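*Asks:* Sequence plus predicted model, see below.
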Amino acid sequence: MKSLIELWRVMAHELAITCHTSASRDIETAARRVEHEGLSFFTITLPAFAKDLEKALDRGRVSDDLWPSFHKGPGGLPRFLGGFLRNVFDEHGALRPTSATMTDSLFAVRQLAAVYGKVELECTKARQARAVVDWISADEQTGQWDAVNSGSPLLEDLERMFRLLYTDVLVVMDNMIYDGDLVPKHGPGATADRLRGNAKYDVEEWPERLDAVFPYMEYGIPALAYADPLIRSEIYGDMDPVRFPQVKDERPSRMVLVPKTMKTPRVIAAEPTALQFMQQAIARPLVRLLEDRGSLVSGMIGFTEQEPNQDMARRGSLDGSLATLDMSEASDRVSRLQVVSSVRCFRNFAAALEATRSLSVDLPSVKGSTRRETVPIQKFAMMGSALCFPMEAMVFLAAVFLGIEDYLRHKGELGRGILSKEDVESFRGSVRVFGDDIIVPVDCVYFVLDVFKSLGWKTNFDKSFWTGRFRESCGADYFDGRWVTPIRFRHDWPRSRRDVSEVAGLVSFRNQSYKAGMRRVARHLDRIIGKILPHYPVVRETSAILGRVSCSPFYTVDSMHPDFQSPRTLGYSLKARIPSSPISELGALLKCLIAPVREQDDHLERFGRPTVVDMKLSRSSPF
């Protein structure tokens, strides 16, 4: 706690000097409130302060409903961080004209308010229980939407828009599924049946409904010869491990609460191994086809590159032409009926989605969260499913174009009454979906929001912007075209060199602070890191060594490589320990046939997500 307060103090002083103000009173107030409220002042109260600032930026002025837990002065501005805020708003609470001092002060307030907002620490049991209750509530509401809207014309419109946007992609996917051309894959994450690493290739359960679409004899074994009962009896004896449970006996997915912020955890699902195996088989070619340049929606939907969204957010903050929208409970509100109805004319693809979808989930044992242990899943998929983000993004984009269609029809600019491919292509560069980060033209925003509401989705209005000069998308924040994204402190404070992730996070935060111009903060952290890491050289950003980045053209060199005569320096680098993971002969053959090229030579002996990350002292390149 003392280290976090001291870092905040150093940061406040430096930013105050940059903005020609004083932060002494702010530092006293922060110390006093942390003493009474604990770490939650930094991790919950101040991030809410930053959100209220964004609302004021969007409205163009301060209003009475903002900053309720802080004392206010002239113009409705809070006295806390008031010296900075007076450079952003005038004495009447109106937004000042853009200037260097104004944007520097805006960045300073957002930095001081949001720096600890995403520290990945476990929140209280009560907040975990609240997250589970909220998840159940959202899922029940999604099921209710399906029950009420099973014959809704809106579903027909959604299906029509899917055919317009994705026919070129889904025809290919349909044929791949029919021809058996999919290549499955196991990910490194946890599964509902708690199989890890190479053990996933010796699958023990293959649900009956999955087998109807993706036969185990085609996807679960390396060759049809191994389906022969005699051969299987030679391998397994009388105990053939593979079961084919019916729907009522299927293993549910397992809900996992992952640290996100101290306000709320992230709710994800560990999927059954066989379902995840085939989800990956569908998701990989689907994502590739959607992002392919030949696709109609190329450039309008993304899964791998955030930069296009960030560039469009900057443009929207400059000319006001684009709105940035963010969805609340995004994956929890996209219903099974919405997805399945949208793709029903692509029968093989629709059947594949149904076959690989988890039907129920085991809830975590958080006291007070719920009376039930296992509940049905009424949404299409939870986070953790490999198909959650691709299908979510596809449905969001289709809904966006339904809103655009309504807008053009309202303006009388749609001759046929419905969108054509040419109409869709005309919006390239002004519409884009990346997960739940959505960008649309400002003129269409209210029509798009109406469609979202009709589909039972919730827009996060605290993170959606279209009226002012502030825009946010994919972690990039802009005001009037200027970067005002705060640098986040994401890990706990390291106590020794054994806290490897925390040390690496502190070094990263130091280097980001340095690049943002906070040199006093960087020097303060250099003194602390230097006590933890005896060897802490100056390096380039691309170096594998944990070192300090500098704008100087020089870097630390203490030796030359004996063979290549290239510079080296002594320092610590991260080394992941891949866990030991034995595999059977049959599983090894399946794995090598699915993915014959492996970066790791001993992948049949060691595989899976690293359980431990170490630091290793060695000589390596400083660049």
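*Replies:* The structure has been received and is ready for your questions.

*Asks:* what's near enough to touch the residue nearest the centre of the chain?
*Replies:* Closest to where the C-alpha atoms of the chain average out (C-alpha atoms, centre = their mean) is residue 435, at 7.7 Å. Listed by C-beta atoms under 8 Å, 6 or more residues apart in numbering, the contact set of residue 435 reads 303, 330, 389, 392-393. All C-beta spots, glycine's among them, are computed from the backbone N, C-alpha and C.

*Asks:* Let me have those residues in CSV, extended by neighbour count, pLDDT and distance to residue 37.
*Replies:* CSV is the format used below for these (neighbours: other C-beta atoms under 10 Å; pLDDT from 0 to 100; distance: C-beta to C-beta, whole Å):
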residue, neighbour count, pLDDT, distance to residue 37
303, 17, 93, 39
330, 22, 87, 31
389, 19, 95, 36
392, 24, 96, 36
393, 25, 96, 39
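
*Asks:* These into a markdown table, with extra columns for secondary structure and distance to residue 230?
*Replies:* Output for the contacts of residue 435, formatted as a markdown table (DSSP: H, G, I helix; E, B strand; the rest coil; distance: C-beta to C-beta, whole Å):
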| residue | secondary structure | distance to residue 230 |
| --- | --- | --- |
| 303 | coil | 45 |
| 330 | helix | 51 |
| 389 | helix | 44 |
| 392 | helix | 46 |
| 393 | helix | 47 |
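
*Asks:* ok, so of those, who is nearest residue 543?
*Replies:* The closest of those to residue 543 turns out to be residue 303 (C-beta to C-beta; 29.1 Å).

*Asks:* of the contacts of residue 435, closest to residue 214?
*Replies:* For the contacts of residue 435, the nearest to residue 214 is residue 389 (20.8 Å; C-beta to C-beta).

*Asks:* about what we covered before: want to try TSV for the contacts of residue 435, with distance to residue 607 as columns?
*Replies:* Shown next, in TSV, are these (distance: C-beta to C-beta, whole Å):
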residue	distance to residue 607
303	25
330	32
389	24
392	29
393	30
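
*Asks:* What is the most widely separated pair among those?
*Replies:* 303 and 330 (14.2 Å).

*Asks:* Show the average pLDDT along whichever strand or helix holds residue 315.
*Replies:* According to DSSP states H and E, residue 315 maps onto helix 307-319. The pLDDT scores in helix 307-319 average 96.

*Asks:* And the helices in the stretch 451-600 of the chain?
*Replies:* 500-515, 519-532, 585-594 (DSSP state H, counting those that start in this stretch).

*Asks:* So which other helices or strands are in contact with the second one?
*Replies:* Counting by 3 or more C-beta pairs under 8 Å, 6 or more residues apart in numbering; DSSP states H and E, the packing neighbours recorded for helix 519-532 are helix 2-18, helix 500-515, strand 548-549.

*Asks:* so the second one versus helix 2-18, what angle?
*Replies:* Regarding helix 500-515 and helix 2-18, their directions subtend 10 degrees when assessed with axes from the mean of the first three to the mean of the last three C-alpha atoms, to 10 degrees.

*Asks:* Run through the neighbouring helices and strands of helix 500-515.
*Replies:* Checking 3+ C-beta pairs under 8 Å, 6+ apart, helix 500-515 ends up next to helix 519-532, strand 548-549, strand 612-620.

*Asks:* In terms of secondary structure, what does the second one contact?
*Replies:* Secondary structure elements in contact with strand 548-549, counted by 3+ C-beta pairs under 8 Å, 6+ apart, are helix 500-515, helix 519-532, strand 538-539.

*Asks:* quick one: residue 346 and residue 172 touch, right?
*Replies:* No - with contact defined as C-beta atoms under 8 Å, residue 346 does not count as touching residue 172 (10.1 Å).

*Asks:* Look at these two and report which has more neighbours.
*Replies:* Neighbour totals were compared for residue 346 and residue 172, and residue 346 leads with 22 against 17 (other C-beta atoms under 10 Å).

*Asks:* ok, now which ones touch that one?
*Replies:* 170-171, 173-174.

*Asks:* try 7 Å
*Replies:* Contacts for residue 346 (C-beta atoms under 7 Å, 6 or more residues apart in numbering) come out as 170, 174.

*Asks:* By mean pLDDT, flag the weakest helix or strand of this structure.
*Replies:* Counting by mean pLDDT, DSSP states H and E, the chain has its least confident helix or strand at helix 229-236, which shows a mean of 73.

*Asks:* Once you drop chain neighbours, what's closest to residue 48?
*Replies:* Leaving aside its sequence neighbours, residue 48 sits nearest to residue 69 (C-beta to C-beta, 6 or more residues apart in numbering; 7.9 Å).

*Asks:* quick revisit: mean neighbour count, the helices of the stretch 451-600 of the chain: which tops it?
*Replies:* Of all the helices of the stretch 451-600 of the chain, helix 500-515 has the most neighbours on average by mean count of other C-beta atoms under 10 Å, namely a mean of 20.

*Asks:* Which parts of the stretch 51-200 of the chain are strands?
*Replies:* Counting by DSSP state E, counting those that start in this stretch, the stretch 51-200 of the chain has no strands at all.

*Asks:* Give me the domain ranges for the chain.
*Replies:* Here the domain parsing of the chain from automatic domain parsing is 2-119, 126-463, 500-620.

*Asks:* Output these as CSV; include the columns distance to residue 492.
*Replies:* Below are these laid out as CSV (distance: least, C-beta to C-beta, whole Å):
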stretch, distance to residue 492
domain 2-119, 7
domain 126-463, 10
domain 500-620, 5
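
*Asks:* I'd like to know which of those domains is closest to residue 469.
*Replies:* domain 126-463 (5.4 Å).

*Asks:* what element comes up after the least confident helix or strand of the chain heading to the C-terminus?
*Replies:* strand 253-258.

*Asks:* so how far is that next one from its chain's centroid?
*Replies:* The chain centroid and the centroid of strand 253-258 are separated by 16 Å, computed with C-alpha atoms, centre = their mean, to the nearest Å.

*Asks:* quick one: the next helix or strand after that strand to strand 253-258, angle?
*Replies:* Proceeding N to C from strand 253-258, the next assigned helix or strand is strand 266-270, under DSSP H and E. Between the axes of strand 266-270 and strand 253-258, defined by the same axes, to 10 degrees, the angle is 150 degrees.
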